[in-house]
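Got a predicted structure plus its sequence, pasted below:
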Amino acid sequence: MADRPLRLRCFQRACWWLAQGVHILPLKPRSKHLQPGYGPRQAHISDPALARKWFLNTDANLGVLLGGGAGLAVADWDNLPSYQLWRASLGAAVVTLIEQSPRGYHLFFFAPGLPSATGSGCEFKTRGACAVFPSMHPSGQFYRLAHPAPIAPLDPDSARQLFPFLSGTRVYKSSTAPQISSPPLAQGGLIERIKAARSIRDEVLAAGVALRPAASNTLVGLCPFHDDHSPSLWLNPVSGLWGCNRPDCPAAGVHDVINFRALLRDISNRAAIRSLADELL
């Protein structure tokens, strides 16, 4: 029997992607393979009526078109330690849409003209298709939202700072791609000042969460974002990162102090930045 709620979520998410100016693609159920006749060089979906046909009336997985007029790109990690290392260093200030795949994480950017490349455990893709939330992976697990922030623009200079393996690759100019110049690090100075003034440990303790040591540089406690009876919240005071080990928790994934305040107060990341800045700076 078809999962009507899942179809509805797929359709709603398809409409969300269309509203971002991103064309979408129907994938075979429980697969990353395209439906016949669809693909980057073939047909793709650009209007809600066709999206309704595919995602409300069939069990198709949802895919997005990389590149295209919107210049959508995805940074794809299948290796969790590599992602966590990048997130704790080069990617510490990045705020963008993050989805968790069964094997790792997808970070989405609007990066017109940038090429695809691979390095440091990450595949930066600017062409082709990408399966997205709430699709079902061939393993039977679902893609899920890890961080629902807006998709950040990424210019070539910022891209090479975040992904050094892109250095030396050629940037292609596109007359159809939107010209976006503000990088996701536009607030980086402010964000870094906030993180220097407010540790994730202090923010979590202020929320009433009791913490105890669990491993080297790791503290754990009861997660305030779901009914937790066995400590599933973890944080690393050194990197400033935290998350929840329960896959269906809104806090699953890897986050920072700004994300914690946003989730705790049910506000946007932008509002959380303002709140922390007003309080600390």
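Great, that's in hand.

Can you show me the strands along the stretch 51-200 of the chain?
For the stretch 51-200 of the chain, applying DSSP state E, counting those that start in this stretch gives strands covering 61-66, 72-77, 97-100, 105-110, 117-119, 122-125, 128-131, 144-148, 152-153.

how many neighbours does Leu241 have?
Neighbouring residues of Leu241 were enumerated by other CB atoms under 10 Å; the total is 20. Bear in mind the C-beta positions are built from the backbone N, C-alpha and C, glycine included.

contacting residues around it?
Applying CB atoms under 8 Å, 6 or more residues apart in numbering, we find Leu241 in contact with Gln84, Arg87, Ala88, Ile200, Leu235, Val254, His255, Asp256.

TSV for the strands of the stretch 51-200 of the chain, including mean pLDDT?
Listed next are the strands of the stretch 51-200 of the chain as TSV, based on pLDDT from 0 to 100:
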stretch	mean pLDDT
strand 61-66	96
strand 72-77	96
strand 97-100	95
strand 105-110	96
strand 117-119	92
strand 122-125	95
strand 128-131	95
strand 144-148	90
strand 152-153	92
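
can you redo those as a markdown table with distance to His23?
As requested, the strands of the stretch 51-200 of the chain are exported to a markdown table (distance: least, CB to CB, whole Å):
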| stretch | distance to His23 |
| --- | --- |
| strand 61-66 | 4 |
| strand 72-77 | 9 |
| strand 97-100 | 16 |
| strand 105-110 | 13 |
| strand 117-119 | 23 |
| strand 122-125 | 15 |
| strand 128-131 | 10 |
| strand 144-148 | 20 |
| strand 152-153 | 18 |
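
Save those strands as a markdown table, and put in mean neighbour count and distance to Leu276 too.
Output for the strands of the stretch 51-200 of the chain, formatted as a markdown table (neighbours: other CB atoms under 10 Å; distance: least, CB to CB, whole Å):
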| stretch | mean neighbour count | distance to Leu276 |
| --- | --- | --- |
| strand 61-66 | 26 | 32 |
| strand 72-77 | 23 | 26 |
| strand 97-100 | 21 | 20 |
| strand 105-110 | 25 | 22 |
| strand 117-119 | 14 | 33 |
| strand 122-125 | 20 | 29 |
| strand 128-131 | 20 | 32 |
| strand 144-148 | 18 | 17 |
| strand 152-153 | 20 | 19 |
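
Low-confidence ranges, this structure, go.
In the predicted model of the chain, residues 1-2, 168-188, 215-216 satisfy pLDDT under 70.

What residue, apart from its backbone neighbours, is nearest the residue nearest the centre of it spatially?
The central residue of the chain, meaning the one whose C-alpha is nearest the mean C-alpha position (CA atoms, centre = their mean), is Ile98 at 0.6 Å. The shortest distance from Ile98 to any residue that is not its chain neighbour, by CB to CB, 6 or more residues apart in numbering, is 3.8 Å, and that residue is His147.

How about Ala262?
Closest residue in space to Ala262, ignoring its immediate chain neighbours: Ala272 at 3.9 Å, by CB to CB, 6+ apart.

contacting residues around that neighbour?
With contacts defined as CB under 8 Å, 6+ apart, the neighbours of Ala272 are Ile258, Asn259, Arg261, Ala262, Arg265.

and Ala73, bridged to which residues?
Phe109 (DSSP bridges).

What residue spans form the domains of the protein?
The record's domain split for the chain, according to automatic domain parsing, is 4-166, 188-280.

so the residue nearest to the centre of the chain sits right up against Gly253, yeah?
Yes - in this structure Ile98 lies within contact range of Gly253 using CB atoms under 8 Å: 6.6 Å.

list the residues that contact both of those two?
The overlap between the contact sets of Ile98 and Gly253 (CB under 8 Å, 6+ apart) consists of Tyr105, Ala146, His147.
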